[in-house]
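# sequence isn't available, so here's the structure alone:
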């Protein structure tokens, strides 16, 4: 009564190819009848596929237009002034370059593209005496506000595809393997036996986006407390903060449990592995409903 979908080479496409349309429909009926489906990273993408209509949870890149990520990055104008527009993935329209030229001379010697990675409280001590680059000023801004610099003349707001293009650039900044802080919902049985906060390993392109009635058992912390170890760019941090790492949703009599990343990756982090163990061992008894034969 438990099916676990781990990440595989070929991703969700391989699962769809192996299961076929009839297999996917059988999977949905099985969950609705009381089964527990658990998806890890790429395996979670199969279960979160909108075409399957199995769960309301989505990966960040699947809902860019509805829930655009905040952007914490250098302004498009600064990149253009430095002669490196590829740093943003966008080029400022020619009409806007006049105001950019004067900015080119201010801050002489400073390279706006030499951005420092984000360091959490525990990592700052180890960075003392080591040049990290220039820390970004301010904080994240709404994606539409960030895109305002690169909209063609006459356009007042981003159109469909503009946000997706900006998000594609942000995805390239996501960590290849970083230790991040996740905050747990102590009232959710998935977190039993764990403290209020745990360390999770993350090396994927997208976190999960969820809202009630989906239960977020583990969510990424805010910007100030997110980073614990590894390379984490500001763009990635803003895209991850306050998103979901592990979710649980009732589907009929059954349930779907999703992890944005493999919680047992190389068995490095015992705490996140406990989340998976709880999902497998406790899930059928605590998260599903079965009809008695009498």
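Yep, it's here. Here the structure is a predicted model, which means the values were calculated and not measured.
# state the helix or strand in which the closest residue to residue 290 other than its chain neighbours lies.
Sequence neighbours aside, residue 34 is the residue nearest to residue 290 in space, at 5.0 Å (criterion: C-beta to C-beta, 6 or more residues apart in numbering). Every residue, glycine included, has its C-beta placed from N, CA and C. Using DSSP states H and E, residue 34 sits within no helix or strand.
# so who does residue 34 touch?
Contact partners of residue 34, counting by C-beta atoms under 8 Å, 6 or more residues apart in numbering, are 1, 252, 253, 254, 288, 289, 290.
# those: which two are farthest apart?
Greatest spatial distance in those: 1 and 252, 13.3 Å, computed using C-beta to C-beta.
# correct me if wrong, but residue 80 is in a helix.
Yes - residue state for residue 80 (DSSP: H, G, I helix; E, B strand; the rest coil) corresponds to a helix.
# how about it, nearest residue that isn't a chain neighbour?
Residue 80 sits nearest to residue 92 (C-beta to C-beta, 6+ apart), 4.4 Å away.
# can I assume that neighbour is in contact with residue 76?
Yes - taking contacts as C-beta atoms under 8 Å, residue 92 lies within contact range of residue 76: 5.4 Å.
# neighbour-wise, which of those two wins?
Neighbour count, other C-beta atoms under 10 Å: between residue 92 and residue 76, residue 76 has more, with 25 against 21.
# quick one: secondary structure of the residue nearest to residue 80?
Quick answer, by three-state DSSP: residue 92 is coil.
# point out where this protein drops to low pLDDT.
83-86, 94-113, 291-294 (pLDDT under 70).
# just the helices in it please.
For the chain, helices defined by DSSP state H occupy the ranges 11-32, 42-47, 76-81, 97-105, 121-127, 143-147, 162-171, 223-226, 234-240, 270-286.
# phi, psi for the residue nearest to residue 290 please.
The phi/psi pair for residue 34 (degrees, to the nearest 10) reads phi 130, psi 10.
# would you format the contacts of residue 34 as JSON lines with neighbour count included?
Shown next, in JSON lines, are the contacts of residue 34 (neighbours: other C-beta atoms under 10 Å):
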{"residue": "1", "neighbour count": "13"}
{"residue": "252", "neighbour count": "15"}
{"residue": "253", "neighbour count": "14"}
{"residue": "254", "neighbour count": "25"}
{"residue": "288", "neighbour count": "20"}
{"residue": "289", "neighbour count": "11"}
{"residue": "290", "neighbour count": "12"}
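# okay, these in CSV with distance to residue 231 next?
Formatted as CSV, these follow (distance: C-beta to C-beta, whole Å):
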residue, distance to residue 231
1, 40
252, 42
253, 43
254, 39
288, 40
289, 44
290, 46
